[in-house]
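Trainee: quick one, structure for this:
(2 chains)
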Protein chains: 2
Amino acid sequence: VLELPTKIKKILKNIWKVGKDDPRRVKHALKVGVSLTLVSLLYLMEPLFKGIGNSAIWAVMTVVVVLEFSAGATLCKGLNRGLGTLIAGSLAFFIEFVANDSGKIFRAIFIGAAVFIIGALITYLRFIPYIKKNYDYGMLIFLLTFNLITVSSYRVDTVIKIAHERFYTIAMGVGICLLMSLLVFPIWSGEDLHKSTVAKLQGLSYSIEACVNEYFEEEEKDEETSDLSEDTIYNGYKTVLDSKSADEALAMYASWEPRHTRHCHRFPWKHYVKVGSVLRQFGYTVVALHGCLKTEIQTPRPLRGLFKDPCVRLAGEICKVLSELAASIRNRRHCSPEILSDSLQVALQDLNTAIKSQPKLFLGSSQNGNVSQGNSGRHNPNVAVSQHINKDTNEAASYQNTGTPRGERMSRFGPNVSFSRLRADTLERRSAAATNERKILRQQLSRIVVLTSLEFSEALPFAAFASLLVEMVARLDNVIEEVEELGTIACFKDYDNNVDQK
Amino acid sequence: VLELPTKIKKILKNIWKVGKDDPRRVKHALKVGVSLTLVSLLYLMEPLFKGIGNSAIWAVMTVVVVLEFSAGATLCKGLNRGLGTLIAGSLAFFIEFVANDSGKIFRAIFIGAAVFIIGALITYLRFIPYIKKNYDYGMLIFLLTFNLITVSSYRVDTVIKIAHERFYTIAMGVGICLLMSLLVFPIWSGEDLHKSTVAKLQGLSYSIEACVNEYFEEEEKDEETSDLSEDTIYNGYKTVLDSKSADEALAMYASWEPRHTRHCHRFPWKHYVKVGSVLRQFGYTVVALHGCLKTEIQTPRPLRGLFKDPCVRLAGEICKVLSELAASIRNRRHCSPEILSDSLQVALQDLNTAIKSQPKLFLGSSQNGNVSQGNSGRHNPNVAVSQHINKDTNEAASYQNTGTPRGERMSRFGPNVSFSRLRADTLERRSAAATNERKILRQQLSRIVVLTSLEFSEALPFAAFASLLVEMVARLDNVIEEVEELGTIACFKDYDNNVDQK
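Mentor: Okay, the predicted model is just below:
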């Protein structure tokens, strides 16, 4: 008995939270209440009821079904419902007209056949991706109305009158819904899409910052703070990763919304989806970067410390670009022409310098500095010819390295302790049969795999980390491009240096 | 006029493709047709109609709305509709009972208030995630039925009789839907979830294989074959990445389905979702690996060739494990106890050996081999104490490296050509104002960024590649664990060596 109040408290808290997270939900709930009451008046008030009659109940149904959270969704559903009803009505009357003069039994068979064929056909058509995306609800309403009219026309003679009445009341219901959703505290899907894009850019920026900071943390953190920063990183990119379906739904609704910015001819919802997809691609790199923190094989912290400065600075520059892009979209202006700033360039070079200054760790000994452009021929055909010569030199050098007989290298690393332990395990494993035992053994085995992999070169994980940072800069380019294109199509205003300096 | 036929042809082809991709869609369409015809008979056949009356039309409506593609979805909707109607009916009658004795005007106000309050309340409750996920449709039907009964009770006196009739006909409609979806060619969401999990595992395996093969391709491929292998890689992991919403929908429907395997008490849909989420985590590594193919900075192919053998073998072993997991789920049996085979271990060691044998490229000179376990203390507390001593030595060594004065290192790499070019660009950029010019400049700038980054150590990208492969092995462990847990809970049969050898 004592537990019940705490449970109820928890439920109430949850209910409260739903409204607190997004106060527009409360507004929407009130809007639905008002609309329903308004539409009920058609039935409850004597003078209105006299004009419409029993069909008024269809207006109530329409409001319940059509009034959705955002204006776009309501428009989509309302127009679908209206069109579906209209077309289905026409078709049903056509069929009734054809079957009208025949006998009762033939008519029943005819109606049955029509119901079967139209039912199967429409259901099949609803699987077509284009229709599923835009007109699924309309198809459903079409099927519903068609069946209602066709089937009832068999017994009710005033079916045309009833259909007329219904159509008017449904139109009335749709009208009230549109009025409420477009004029009273309208909630635009396009606006949501816009805001979520900004939030995604910022989230990625926070993630990268937290990630790099934690990577170069001097001390191992205790459990609690570590979990906290984990959450920061994860929350930052989480929304980006699984944004596909949410983005597409918002864009679909936005595509039904009338333009609502003064400057732009049409809301470029397609481009928001594109930006979203480029951001997802960028996000995968952030996930990989985050993976570097959690991997079993770690570069020792003192070793990482060597590269702390340039890495932190490079990450800072990346975050700055992301923030600038976010600000550009938020304020609907083009991004600063200095978005790819000198400091990004400098940070990139510093990282390069730092890595090359550790010839023990990585290849980049100073005399190889020029050679390393060799591979770029594919991407930049306009690079000087001299590089091809360098490439050849480089290839020769590499082949020389391969020249060492492979057997000799192998023998240097004969089966070591953990390897022989593994063999013992395998033997043991074969004799064991029960699932539980097997599981324990598998865990042992996997631990050994991890242990062996720990013997990998210590610099490898850091190289991956640095490489991902550089990769990020490359992908940042795609993001900037898409955002710029979005800006051009959405008629963002020009970048004003003075405004942003304030 | 001539263009029309080709357009129609294209549309017809699309329509045909929808059925070809999944023939169950055709079956479902026919099922809907049959159900609708059956339910229309209630209205069309004299003896049946006499028993039920005009309300028969509600059965038709119910079938249109409730009959969904999979059994789980139909059950979910049907039960939601049934329960929603029943509860709403009870509440509506309670309210009618309260308002019964009062005057006409008071009653109208009372009904209006009830409609407003219930409408706003239910709409608000629908935002609660738990309710949205499981009972959204039921809430909608509740609202609908409540309003219909409450509002019509104002004018119709036989409202109880009508409500009764409607409830019976809706129950009949739901009954026909359940019959059709559970007994005639049933389509189980659980089965889909099962198959999609297998397909995801296989897709990842194909992706990794194609990725590694392309990375170690000796020749640059021409555009066409390259695009082809791009597609193979992308299609492999694509479904994994964006699987979250699809997985959750399938799992939600599956949770409504009755158990349909002989062996297992309950369908473990929750665990399929878990496996899906672990696979997504694994998939991000594959994306990063794929990123290594497309990055602007590339390790030259001859250099890569040095590590071809161990990498290809390690990737092969990873693919083997993934395929074994796929086979295990497909055949509903536990996976082979030798799933983490010796050869994976050997491949890992070979890669290690190969990397260490190139001391010029990476840190791992042979005398450091033992030291590199130093960092593992955090993850494996049972590692021998001697490592802590090693760690100290290691730290000391690293700090010595940092000892080199930073300024000296910097001066070795003064501002080079591309850097000074960048400065010129910046000046130019500041004077330019028009958007177009700005864009061209930005592109130039970004190309310069890429060029500079090409000077990065050549080994860096390969190190990232190798590190990702090793990381994959570590994440593979999570995947195996989740699949094993799924196997235990889903009562998979034991692994039978003989069956699989055939």
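
Trainee: could you list the low-pLDDT ranges of the stretch 401-502 of chain A?
Mentor: Along the stretch 401-502 of chain A, the parts satisfying pLDDT under 70 run over A:401-459, A:497-502.

Trainee: again, but for chain A
Mentor: Checking chain A against pLDDT under 70 turns up A:1-3, A:51, A:53, A:219-226, A:259-265, A:295-298, A:339-341, A:356, A:358-459, A:497-502.

Trainee: so for it, the centremost residue is which one?
Mentor: residue A:243 (1.4 Å; Cα atoms, centre = their mean).

Trainee: shouldn't residue A:268 be in contact with residue A:488?
Mentor: No: with contact defined as Cβ atoms under 8 Å, residue A:268 does not count as touching residue A:488 (9.3 Å). C-beta coordinates here come from the backbone N, C-alpha and C atoms, glycine included.

Trainee: more neighbours, those two?
Mentor: Per other Cβ atoms under 10 Å in any protein chain shown, whichever of residue A:268 and residue A:488 has more neighbours is residue A:268, with 21 against 15.

Trainee: ok, now how distant is that one from chain B?
Mentor: Note on residue A:268: its distance to chain B, by Cβ to the nearest Cβ, to the nearest Å, is 16 Å.

Trainee: quick one: end-to-end length of stretch A:235-246, please.
Mentor: 16 Å (Cα to Cα, to the nearest Å).

Trainee: can you tell me if it touches chain B.
Mentor: Yes: residues of stretch A:235-246 are located near chain B by Cβ under 8 Å from any Cβ of the partner chain, namely A:241, A:242, A:244, A:245.

Trainee: which elements pack onto the longest helix anywhere in chain A?
Mentor: Longest helix in chain A by number of residues (criterion: DSSP state H): helix A:459-489. Judged by 3 or more Cβ pairs under 8 Å, 6 or more residues apart in numbering or on different chains; DSSP states H and E, the packing partners of helix A:459-489 are helix A:189-215, helix A:269-294, helix A:301-305, helix A:308-330, helix A:342-356, helix B:435-454, helix B:459-489.

Trainee: the residue nearest to the centre of chain A against residue A:278, yeah?
Mentor: No: taking contacts as Cβ under 8 Å, residue A:243 lies outside contact range of residue A:278: 11.6 Å.

Trainee: returning to what we had before: contacting residues around the residue nearest to the centre of chain A?
Mentor: A:196, A:200, A:276, A:279, A:280 (Cβ atoms under 8 Å, 6 or more residues apart in numbering or on different chains).

Trainee: try it again with 10 Å
Mentor: By Cβ atoms under 10 Å, 6 or more residues apart in numbering or on different chains, the residues touching residue A:243 are A:196, A:197, A:200, A:250, A:273, A:276, A:277, A:279, A:280, A:283, B:242, B:244.

Trainee: measure it to residue A:303 for me?
Mentor: 36 Å (Cβ to Cβ, to the nearest Å).

Trainee: and what of residue A:235?
Mentor: 29 Å.

Trainee: re earlier: just put the residues of stretch A:235-246 next to chain B in TSV and tack on neighbour count and secondary structure.
Mentor: Below are these laid out as TSV (neighbours: other Cβ atoms under 10 Å in any protein chain shown; DSSP: H, G, I helix; E, B strand; the rest coil):
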residue	neighbour count	secondary structure
A:241	20	helix
A:242	18	coil
A:244	18	helix
A:245	14	helix
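
Trainee: which one of those residues is nearest residue A:294?
Mentor: residue A:241 (15.9 Å; Cβ to Cβ).

Trainee: now do the contacts for that closest one.
Mentor: Contacts of residue A:241 (Cβ under 10 Å, 6+ apart): A:200, A:234, A:279-280, A:283-284, A:286-287, B:241-242, B:244, B:280, B:284.

Trainee: count the neighbours of residue A:258 for me.
Mentor: 12.

Trainee: Three-state assignment for it, please.
Mentor: The three-state label given to residue A:258 by DSSP: H, G, I helix; E, B strand; the rest coil is coil.

Trainee: neighbours of the closest residue to chain B within the stretch 101-250 of chain A, how many?
Mentor: Chain B sits closest to residue A:120 of the stretch 101-250 of chain A, with a gap of 3.3 Å, by Cβ to the nearest Cβ. When neighbours are defined as other Cβ under 10 Å, residue A:120 has 20 of them.

Trainee: which stretch of helix or strand covers the closest residue to it other than its chain neighbours?
Mentor: Counting by Cβ to Cβ, 6 or more residues apart in numbering or on different chains, residue B:33 is the residue found nearest to residue A:120 once chain neighbours are left out, at 3.3 Å. In this assignment (DSSP states H and E), residue B:33 forms part of helix B:24-44.

Trainee: so what's the residue of chain A most remote from its centre up against?
Mentor: In chain A, counting by Cα atoms, centre = their mean, residue A:103 sits farthest out from the average C-alpha position, at 58.0 Å. Residues counted as contacts of residue A:103 (Cβ under 10 Å, 6+ apart) are residue A:109.

Trainee: quick one: distance of stretch A:93-103 to the chain centre.
Mentor: 51 Å (Cα atoms, centre = their mean, to the nearest Å).

Trainee: show me where the stretch 101-250 of chain A has helices.
Mentor: A:104-125, A:129-134, A:136-152, A:159-183, A:189-215, A:223-241, A:244-256 (DSSP state H, counting those that start in this stretch).

Trainee: what helices or strands is the third one leaning on?
Mentor: Think helix A:136-152. helix A:56-66, helix A:71-99, helix A:104-125, helix A:129-134, helix A:159-183, helix B:24-44, helix B:56-66 (3 or more Cβ pairs under 10 Å, 6 or more residues apart in numbering or on different chains; DSSP states H and E).

Trainee: buried set for the shortest one?
Mentor: By neighbour count, and taking 16 or more other Cβ atoms under 10 Å in any protein chain shown as the criterion, the buried residues in helix A:129-134 are residue A:131.
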